[in-house]
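Trainee: predicted model, plus sequence, below.
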Amino acid sequence: MIPPYSSVSANDENKNDERTPRQILFSILIPVYNEQAYLALVIDRVMAAPLPEGVERELVLVDDCSTDRSPEIIETLVQKYPGRIRAFRQPKNQGKGAAIRRAIKEMTGDFAIIQDADLEYDPNEYSLVLAPLLDGRADVVYGSRFATRETRKVLQYHHKLGNLFLTHLSNFATGLDLTDMETCYKAFRADALKSIPLRSNRFGIEPEITAKIAKRGWTVYEVPISYNGRRYSEGKKIGWKDGVSAIRLILKYWFIDDSFYDEDSDSDSAQQVGQSKRYGKLLVKRAAPYLGMKTLELGAGLGAISRFIPQKERLTVTEADDRRLKFLNASYDGNSVVDVAKFDPRSGETSLTDGDKGAYDSVVCFNRTAILDVDVKTELERIRNLLNDEGRFVAVLPARKKGDSKGWKKTEIQESLARAGFVVEKLAPIASIERVFLRRDPKRTSQFGFIMFEALVGKTRWLDALLPPTRFFVVASKTKKEPSAN
């Protein structure tokens, strides 16, 4: 029986965190499976590796149900480095990708890197990989085994050829210009890494994470690193089947974009619709004639649709959730046109100032389910107060399904907007084909279903007059007359 590890979950109240407010925590994520030969030496090297000034480390080890002495070695290491190693055990063997997902969930740092539990990668190069993150240049840094160095270890040719083939295929699909997609050393802003939905259980996590980084539009840097490749006789586990799987995943995520899936949001087909690139572009194109020079977006989420909204004189993206706000702030850091602000129309809680009242030509609401109640006069009035006299409120509101209490009827939209002092200019049904191809539970939607939905988005407008609506496209203008007290 494997002994329990002396560690705590990231969700436990009793965390070992002796950092001062000025220190930065660096999470080193280490998946482990049958690594008894090298594990202790690797951890000693990781603990001894130099880090930039002001940076502390935490090691997050995830044992993927090892069958050798790795669990006992991990327990010994936890005791050797008290408060520095947090170890977790998977209930069954699932693969490197699943172990990394668990480590991401449990990490508590500001930045993170993936470290294999072998001697192929040198922890002494952490500072090199961290540098573009610490100085704010990058969101993600890849340590490349194939970038130019003064000296390098000669690698097994066919293995290198396979890596280069997968890298070039990935580059073709993502548009990135990487020299080493399959590298283990990938370092991230921790908040960004936590926001990526990852599915792959095995080595396919490498092309998957690369595809989703590209779709997010993050800033990626590469730095040259050393590499001491081991042989299969020394415990190397990746094989040709993983190469075939990588090709499949590169092609899959070329067509499918679920890089913005937010597990904290409602788990229904609306989440899948919101992550469709074509759907997002279609909504913004439909709204474009009604958008002014200064636009505010409600409920931006992780920015899936925000990325398509024209950045004219001023664009303000807002969220009520602090976690998403942190992500949006990092995404738009340094952008002089885009502001990020907290705004909750329901509670009125906001970081917007009095100077923002009446400052916007348009307020848009594309990716939001908060405005679902019929009696939302106060909420809509708060939105109206942000608009100038000629301003417009542009929204896509969910239609009420038969037997469902959520959503809107056409008459309810008209009445609610009128009570808040709006004049409806346009109220058009949208009969999306999502009900045909997407399941209510996103995890049950097949790859074929999402590909078909993505391919047909925008080409079925003729169905709007024939099928029951799934959404309503609404444009309402602000009037100079104050809202009625009724």
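Mentor: Everything's here; your move.

Trainee: residue 424 touches residue 412, doesn't it?
Mentor: No - with contact defined as CB atoms under 8 Å, residue 424 does not count as touching residue 412 (12.0 Å). (Each C-beta comes from the backbone N, C-alpha and C, glycine too.)

Trainee: what about residue 38, distance to residue 49?
Mentor: Computed as CB to CB, to the nearest Å, the residue 38 to residue 49 distance reads 15 Å.

Trainee: same check, this time on residue 406
Mentor: 52 Å.

Trainee: tell me the phi and psi of residue 186?
Mentor: phi -120, psi 120 (degrees, to the nearest 10).

Trainee: hmm, back to that, residue 406 and residue 49 - which one has more neighbours?
Mentor: Ranked by neighbour count (other CB atoms under 10 Å), residue 406 and residue 49 place residue 49 first, with 16 against 13.

Trainee: just give the nearest non-adjacent residue to that one, would you?
Mentor: Of all residues not flanking residue 49 in the chain, residue 123 sits nearest, at 3.7 Å (CB to CB, 6 or more residues apart in numbering).

Trainee: wait, that neighbour sits on residue 43?
Mentor: No - taking CB under 8 Å as the definition, residue 123 is not a contact partner of residue 43, at 9.5 Å.

Trainee: ok, those two, which is more surrounded?
Mentor: Remark: of residue 123 and residue 43, residue 43 carries more neighbours, 27 against 21, as counted by other CB under 10 Å.

Trainee: which residues in the stretch 1-150 of the chain form strands?
Mentor: Per DSSP state E, counting those that start in this stretch, the stretch 1-150 of the chain carries strands over the ranges 24-32, 55-63, 85-89, 111-114, 140-144.

Trainee: how about these, which one is nearest residue 223?
Mentor: strand 140-144 (5.9 Å; CB to CB).

Trainee: buried stuff in stretch 216-225?
Mentor: For stretch 216-225, a neighbour-count test (16 or more other CB atoms under 10 Å) marks 216, 218, 220, 221, 222, 223, 224, 225 as buried.

Trainee: angle of the longest helix seen in the chain against strand 140-144?
Mentor: Taking DSSP state H as the criterion, the chain has its longest helix at helix 157-174. Relative orientation of helix 157-174 versus strand 140-144 (axes from the mean of the first three to the mean of the last three CA atoms, to 10 degrees): 150 degrees.

Trainee: what is the following helix or strand past helix 157-174 packed up against?
Mentor: Per DSSP states H and E, the first helix or strand lying C-terminal to helix 157-174 is strand 186-189. Secondary-structure packing of strand 186-189 (3 or more CB pairs under 8 Å, 6 or more residues apart in numbering; DSSP states H and E): strand 111-114, helix 126-134, strand 140-144.

Trainee: so how far is the last one from its chain's centroid?
Mentor: Just to be clear, that refers to strand 140-144. Its chain's average C-alpha position is 18 Å from that of strand 140-144, according to CA atoms, centre = their mean, to the nearest Å.

Trainee: what about that strand, average pLDDT?
Mentor: For strand 140-144, mean pLDDT rounds to 93.

Trainee: got JSON lines for the helices and strands packed on strand 186-189, with mean neighbour count too?
Mentor: Listed next are those as JSON lines, based on neighbours: other CB atoms under 10 Å:
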{"stretch": "strand 111-114", "mean neighbour count": "26"}
{"stretch": "helix 126-134", "mean neighbour count": "20"}
{"stretch": "strand 140-144", "mean neighbour count": "24"}
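
Trainee: residue 286: which element?
Mentor: Secondary structure from DSSP H and E places residue 286 in helix 277-287.

Trainee: following that helix, which helix or strand comes up?
Mentor: Going down the chain from helix 277-287, the next helix or strand is strand 294-297, by DSSP H and E.

Trainee: which other helices and strands contact the next helix or strand after that next one?
Mentor: As assigned by DSSP H and E, the chain's next helix or strand after strand 294-297 is strand 314-319. Judged by 3+ CB pairs under 8 Å, 6+ apart, the packing partners of strand 314-319 are strand 294-297, helix 322-331, strand 338-342.

Trainee: go through these and name the closest to residue 417.
Mentor: With CB to CB as the criterion, residue 417 lies closest to strand 294-297 of the helices and strands packed on strand 314-319, at 17.3 Å.

Trainee: within its sheet, name the partner strands of the closest one and how each one runs.
Mentor: strand 314-319 (parallel), strand 360-365 (parallel) (DSSP bridges).

Trainee: give me the number of residues near residue 30?
Mentor: By the criterion of other CB under 10 Å, residue 30 has 25 neighbours.

Trainee: for residue 125, see how far away it is.
Mentor: Using CB to CB, residue 30 is found at 16 Å from residue 125.

Trainee: picking up where we left off before, can you redo the strands of the stretch 1-150 of the chain as JSON lines with distance to residue 160?
Mentor: Supplementary listing: the strands of the stretch 1-150 of the chain in JSON lines, determined by distance: least, CB to CB, whole Å:
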{"stretch": "strand 24-32", "distance to residue 160": "23"}
{"stretch": "strand 55-63", "distance to residue 160": "28"}
{"stretch": "strand 85-89", "distance to residue 160": "33"}
{"stretch": "strand 111-114", "distance to residue 160": "20"}
{"stretch": "strand 140-144", "distance to residue 160": "12"}
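
Trainee: ok, which of those comes nearest residue 193?
Mentor: Evaluated over the strands of the stretch 1-150 of the chain, closeness to residue 193 peaks at strand 111-114, with 5.5 Å, by CB to CB.

Trainee: does anything pack onto the closest one? Which helices or strands?
Mentor: strand 24-32, helix 126-134, strand 186-189, helix 190-194.

Trainee: ok, residues contacting it?
Mentor: Outside of strand 111-114, the residues within contact range by CB atoms under 8 Å, 6 or more residues apart in numbering are 24-31, 100, 104, 126, 129-130, 133-134, 184-190, 193.

Trainee: average pLDDT across it?
Mentor: 96.

Trainee: ends of stretch 332-340, what's the gap?
Mentor: Stretch 332-340 has an end-to-end distance of 8 Å (CA to CA, to the nearest Å).

Trainee: list the buried ones in that stretch?
Mentor: Neighbour counts over stretch 332-340 (16+ other CB under 10 Å) mark 332, 338, 339, 340 as buried.

Trainee: how far does stretch 107-119 stretch from start to finish?
Mentor: 23 Å.

Trainee: got a list of what the nearest residue to residue 472 once chain neighbours are set aside touches?
Mentor: Distances taken as CB to CB, 6+ apart place residue 397 nearest to residue 472, at 5.0 Å, with adjacent residues excluded. Neighbouring residues of residue 397 by CB under 8 Å, 6+ apart: 365, 371, 407, 408, 413, 471, 472, 474.

Trainee: looking at this, residue 397 is in a strand?
Mentor: Yes - secondary structure of residue 397 (DSSP: H, G, I helix; E, B strand; the rest coil): part of a strand.

Trainee: measure it to residue 278 for me?
Mentor: As judged by CB to CB, residue 397 and residue 278 stand 20 Å apart.

Trainee: next: residue 99.
Mentor: According to CB to CB, residue 99 stands 34 Å off from residue 278.

Trainee: having no further points to raise, I will conclude here.
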